[in-house]
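S.K.: have a look; sequence and predicted model below, questions after that.
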There are 2 protein chains.
Amino acid sequence: MEFTISDRMSKMKGSAIREIFKVAGDPSYISLAGGNPAPELFPNKELAEIANNLLTENPVLSLQYGVTEGYVPLKEKIKEMLIEKENISFDGNDIMITSGGQQGIELITKALVNEGDTVIVEEPSFIGATNAFRSYNAKLVGVPVEKDGISPEALEKVIAENENIKILYVIPTFQNPSGETMSLEKRKAVLEIARKNNILVIEDNPYGELTFDGNKMPTIKSMDTGLNVAYSGSFSKVIAPGLRVGYIVAPTELIAKIAVGKQISDVHTSILPQLMVYEFLTKYNLDDYIKENRKLYAHRCSVMIEAMKEHFPKQVTYTEPKGGLFIWCDMHGDYDTKEVAKECMKEKVVFVPGSTFMVDMEAKCSAFRLNFSTMTDERIKEGIKILGNVLKKIMGE
Amino acid sequence: MEFTISDRMSKMKGSAIREIFKVAGDPSYISLAGGNPAPELFPNKELAEIANNLLTENPVLSLQYGVTEGYVPLKEKIKEMLIEKENISFDGNDIMITSGGQQGIELITKALVNEGDTVIVEEPSFIGATNAFRSYNAKLVGVPVEKDGISPEALEKVIAENENIKILYVIPTFQNPSGETMSLEKRKAVLEIARKNNILVIEDNPYGELTFDGNKMPTIKSMDTGLNVAYSGSFSKVIAPGLRVGYIVAPTELIAKIAVGKQISDVHTSILPQLMVYEFLTKYNLDDYIKENRKLYAHRCSVMIEAMKEHFPKQVTYTEPKGGLFIWCDMHGDYDTKEVAKECMKEKVVFVPGSTFMVDMEAKCSAFRLNFSTMTDERIKEGIKILGNVLKKIMGE
């Protein structure tokens, strides 16, 4: 049979960096490529006991079909947390459990974006989100990420130049891939611009809790009095990603619509992982685990930065994030980091070239992303040394 | 903020029978409405031990990000089962794990159907699938289900009358909602027609194992030498639905495309449930559990049929399925079973009106679906008696 792929999906292809991720799990490689949390921090013993108890004592609840919108006590628990910790209001907003943070973004796009409509993204931005927008044939437009987030002026210019803008997608805190955090001032300005122009802001916040110094910026959602923001959260980075339990908080009307989409997509998120997260949040103090995460990532980030200072050519600049999982580096000039990645792969070090995160993924890009969350100190140092030497060779230093 | 919903989703609404499903979980109601498997058959003790062992002994595998296409040993295990039990060939075909059978259908639609393209469905058909097609703005066309499946002549007529036909969606075995099974002859004819017209057949087979007498019809996929069939399977009805573990077998090229879609949708199916299914299939004999399912459902179906013989008005006809979970009843004449359902709900008995399963969901429909899998003998008898009395009152007998 000859397949004709739909217009929306015909341009979508498997990740260009598939080869990188193929070897990223191979322990003979030093992987600075993924976005995986440190597995040694998974609370697996607690979860083993929880799963065992659930399946033994609550078999029907744990194994029968569940409600599309999610397990009600889990929704209530997350609401409580968001009200208390993030100052998010549920007046006019509702919450839905999603199969990871990714699913909420896909469902909102399906619900709001007609083919050809515009979606504005930070540039660089998270490929999972940009690909979700591409998969509905959205026109992607980027606004450059600066040290303190996208510039409100640049955003207004892009809005003036484009039509049918439906979504502005941002990761304001410890952005993927740049590691940058949007300032409070810019958060306010961005929200106000979105409100004026009737554009939905998707605020993706998977890394917000991973602040190295404990300081937290108010979320855009906490300032959203006009119901203009959909807030995406996840337990992937603070409990475990394999569970695929995330959530979306959005205006009630939008949640109702995307719940219809979820019903068609996977009926509901696997119920046992939902119950496990609920029990974990109820029986244990998540903040204690988060603290361990912060400590480990802050340490690994500083190890990486130190090694970069020692081994990177002077021309290469890099961000010094205050949280999250990523450092963004730039060789500047006429370099193609896809080629650099290929060279490095020969030396058994992998990372992600910057073009992956760009609106135009085909254009040459001199930047790249490093991840510091999963490797030991020794592996980080060794990897950065090897990468540094490749960079020096290419840059002629 | 004012939301403008996308064209594809603007017509989609929450199920018209939402009120029914709301009370279906209330134990004071007799529910003949759902499609849930019998929870007393869930192998929860086995799964509790498996989950506990996995999380204790294999924490990283159980909790870290997994591969989009699914846990490789699980894919291999299912392949083995399909080759051995269903005579399905993997020459030119590949397999992907999905978050329940539903997800495969949604992803194929996204990959193949442009807005306005035609999808042919059996009529009546499964609402999860018809809504997935609707959600991409497909033009739905129905072919009536007869006692031995859809008529090849009617199918050819529909094909001649429509353009851009991308998918033919069928549930050939113990169809939902009709309970009917397509004959071998019709299976061959339908496949040949699809092949000639370059239409992908989605063969949805969630109930195939639930045969009361142990007899099994060859799947359409087993005859698919031209790579024209995507075969959707699920562990929802033979292990547990809450796990949300299904799979799709399709031509390699199509699997590659829908894997891109899955990456964007939920990254991968929750890994612990995948591992649990794999361990269960490896450590236990699934067929032993399936036998228990068959016995219980055969019994409950016969209890329901006996009660219907006693209590239903003579004019009401019904199918007598040889497997699956459903009986399809027809009052014939100018009746609206939505109204009947409302009357019955007052008497604390719920079922699903037939319009739910039709291409035109707004049209009056004299048929309805009954489910026999979850209620005890006594509740089934009581429910059918009450329903019989309501039918008699309405039909003036």
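M.R.: Looks like it came in fine.
S.K.: got the phi/psi numbers for A:Val349?
M.R.: Dihedral pair for A:Val349: phi -130, psi 130, per degrees, to the nearest 10.
S.K.: my guess is it contacts A:Tyr29, does it?
M.R.: Yes: assessed by C-beta atoms under 8 Å, A:Val349 is found in contact with A:Tyr29 at 7.0 Å. (Glycine included, C-beta is placed from N, CA and C.)
S.K.: give the contact list for A:Lys381.
M.R.: Contacts for A:Lys381 (C-beta atoms under 8 Å, 6 or more residues apart in numbering or on different chains) come out as A:Val303, A:Ala307.
S.K.: quickly find the element holding it.
M.R.: Per DSSP states H and E: A:Lys381 is located in helix A:377-395.
S.K.: just the CA atoms of that helix, as PDB, please.
M.R.: Output in PDB follows, covering the C-alpha atoms of helix A:377-395 (Å, rounded to 0.1, in the frame of the first residue of the first chain):
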ATOM      1  CA  ASP A 377      31.500  14.600  38.500                       C
ATOM      2  CA  GLU A 378      34.300  12.600  36.800                       C
ATOM      3  CA  ARG A 379      32.300  12.000  33.700                       C
ATOM      4  CA  ILE A 380      31.300  15.600  33.500                       C
ATOM      5  CA  LYS A 381      34.900  16.800  33.800                       C
ATOM      6  CA  GLU A 382      36.000  14.200  31.300                       C
ATOM      7  CA  GLY A 383      33.200  15.000  28.800                       C
ATOM      8  CA  ILE A 384      33.900  18.800  29.000                       C
ATOM      9  CA  LYS A 385      37.600  18.200  28.500                       C
ATOM     10  CA  ILE A 386      37.000  16.200  25.400                       C
ATOM     11  CA  LEU A 387      34.400  18.600  24.100                       C
ATOM     12  CA  GLY A 388      36.700  21.500  24.800                       C
ATOM     13  CA  ASN A 389      39.500  19.900  22.800                       C
ATOM     14  CA  VAL A 390      37.200  19.300  19.900                       C
ATOM     15  CA  LEU A 391      36.100  22.900  20.100                       C
ATOM     16  CA  LYS A 392      39.600  24.200  20.200                       C
ATOM     17  CA  LYS A 393      40.600  22.000  17.200                       C
ATOM     18  CA  ILE A 394      37.600  23.300  15.200                       C
ATOM     19  CA  MET A 395      38.100  26.900  16.300                       C
END
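S.K.: pull up the pairing partners for the longest strand that chain A contains, direction included.
M.R.: Longest strand in chain A by number of residues (criterion: DSSP state E): strand A:139-146. Its sheet considered, strand A:139-146 pairs with strand A:118-123 (parallel), strand A:149-150 (antiparallel) by DSSP bridges.
S.K.: between A:Val349 and A:Tyr29, tell me which one has more neighbours.
M.R.: Each of A:Val349 and A:Tyr29 has its neighbours counted (other C-beta atoms under 10 Å in any protein chain shown); A:Val349 has more, 23 against 20.
S.K.: for the more buried one, list each beta-bridge partner.
M.R.: A:Ile30.
S.K.: tell me the contacts of it?
M.R.: Taking C-beta under 8 Å, 6+ apart, we find A:Val349 in contact with A:Tyr29, A:Ile30, A:Leu32, A:Gly383, A:Ile386, A:Leu387, A:Val390.
S.K.: span of stretch A:326-342 from start to end?
M.R.: Taking C-alpha to C-alpha, to the nearest Å, stretch A:326-342 runs 20 Å from one end to the other.
S.K.: buried set for it?
M.R.: Buried residues in stretch A:326-342, counted by 16 or more other C-beta atoms under 10 Å in any protein chain shown: A:Phe326, A:Ile327, A:Trp328, A:Cys329, A:Asp330, A:Met331, A:Tyr335, A:Asp336, A:Thr337, A:Lys338, A:Val340, A:Ala341.
S.K.: what's the answer for stretch A:382-392, then?
M.R.: Applying 16+ other C-beta under 10 Å to stretch A:382-392 flags A:Glu382, A:Gly383, A:Ile384, A:Lys385, A:Ile386, A:Leu387, A:Gly388, A:Asn389, A:Val390, A:Leu391 as buried.
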